[in-house]
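1. I'd like to go over a predicted model; first the sequence, then the structure.
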Amino acid sequence: MELLIGMTLISFIFLGVITATVVLLNSNARVKQIDHLEQAKNDLQLEFANTIRWAKAITLISPSELSITNSDDSTSLYQFDSTNKRITKNGVPITSDTVDITNFEIHDYSRLPAPSPRSIQLFIEMQHHDFSSVRETFRLVVSQRIGA
Amino acid sequence: MKIIRFAHSKLTQHGFLILEAIIAIAILSMVLVTVLPSLNFFLKRARRSRNETQATLLLQEGQEVAYHVFASTTNWDLYTIGTLYKPVLTGPVGSEMWELGAGEDTGLETLFNRKIEIKAVCRHPATSAQPGEILDVPGCSESHGLFDPTSRNLITTVSWDEGGTVQTLTAKLLVTKQLLSP
């Protein structure tokens, strides 16, 4: 009887330790996946905030296409590549292949017609390429500065 | 004699098994007692970091909308100094535009509150040692002698409750009409 009780207790302890280890390893993997999305989010935030804020001219071509004339007169064309689930700048992807962009919407909520400064809202939904349960959604508003 | 020794040995062995289990449980409990609070601390820190990132985005949104409204309006008197505002979209569907509506945003993303406060700007007089420099006076208002009608401070504040403690992020943006007016 004592042997049985002892064995049962040891089994419970063993199971508990194994479960805790698995949970720790899983959460570590999940943190890494979340980090990938956070990195993509930060990169996009920086990219769009700087480009739109200091743009010479901004043209919303479609709800997922934005053309920006930069201060050095170069042009940046941002598009949503729905096939590869990535955002591209002049045809080159600016998001990593570990992140799938599932939705990319651009809205122009400016108060005056062009060429007055624009106020652009971006709505971006993304998920991890291998773990679709790891998702991130964010909204970014950037206003073009006068005299940029 | 032999029987007694056998019984004693068996008894000792039984006690040893239970004792092993009790010691194991005690060690595990000690480990859990040590690890759980630190795990809780890390979870709290992760939640706080996530909330701060979200609050920063809301703060930036407030600042960008306030800037855009002031940059595209010549009559700044439409927005009363000392009043709280929030970003709103007005106009028909498909051609909405930013506007500042009176009041404060509450329950943004179910957690955050946001307010944009328009503050007066007072400056050192032209005859002073630092002419035109911003004068940080608590009573700066439209009636103040050194009030600058061509400048405003747009102060955006985002606050949220985190486990009973109110966290706050604030950003200040100075807009001047000389630069903004077309």
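-> Right, received. Where do you want to start?
2. what about the spatially most central residue of chain A, which helix or strand?
-> In chain A, the residue lying closest to the centroid (C-alpha atoms, centre = their mean) is A:Lys41, at 3.7 Å. Assigned by DSSP states H and E, A:Lys41 falls within helix A:2-53.
3. close to chain B, is that helix?
-> Yes. Helix A:2-53 is in contact with chain B by C-beta under 8 Å from any C-beta of the partner chain, via A:2-3, A:5-6, A:9-10, A:13, A:16-17, A:38, A:45, A:49. Any C-beta I mention is one placed from the backbone N, CA and C, and that applies to glycine too.
4. ChimeraX command for the buried members of those residues?
-> ChimeraX command restricting those to the buried ones, with burial defined by 16 or more other C-beta atoms under 10 Å in any protein chain shown:
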select /A:6,9,45,49
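5. pipe the residues of helix A:2-53 next to chain B into JSON lines and attach pLDDT per row.
-> Listed next are the residues of helix A:2-53 next to chain B as JSON lines, based on pLDDT from 0 to 100:
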{"residue": "A:Glu2", "pLDDT": "71"}
{"residue": "A:Leu3", "pLDDT": "74"}
{"residue": "A:Ile5", "pLDDT": "77"}
{"residue": "A:Gly6", "pLDDT": "72"}
{"residue": "A:Leu9", "pLDDT": "77"}
{"residue": "A:Ile10", "pLDDT": "78"}
{"residue": "A:Ile13", "pLDDT": "78"}
{"residue": "A:Gly16", "pLDDT": "81"}
{"residue": "A:Val17", "pLDDT": "81"}
{"residue": "A:Glu38", "pLDDT": "89"}
{"residue": "A:Gln45", "pLDDT": "93"}
{"residue": "A:Ala49", "pLDDT": "94"}
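6. which elements pack onto the longest strand along chain B?
-> Longest strand in chain B, counting residues (DSSP state E): strand B:147-162. Packing partners of strand B:147-162 (3 or more C-beta pairs under 8 Å, 6 or more residues apart in numbering or on different chains; DSSP states H and E): helix B:2-71, strand B:112-122, strand B:165-176, helix B:177-180.
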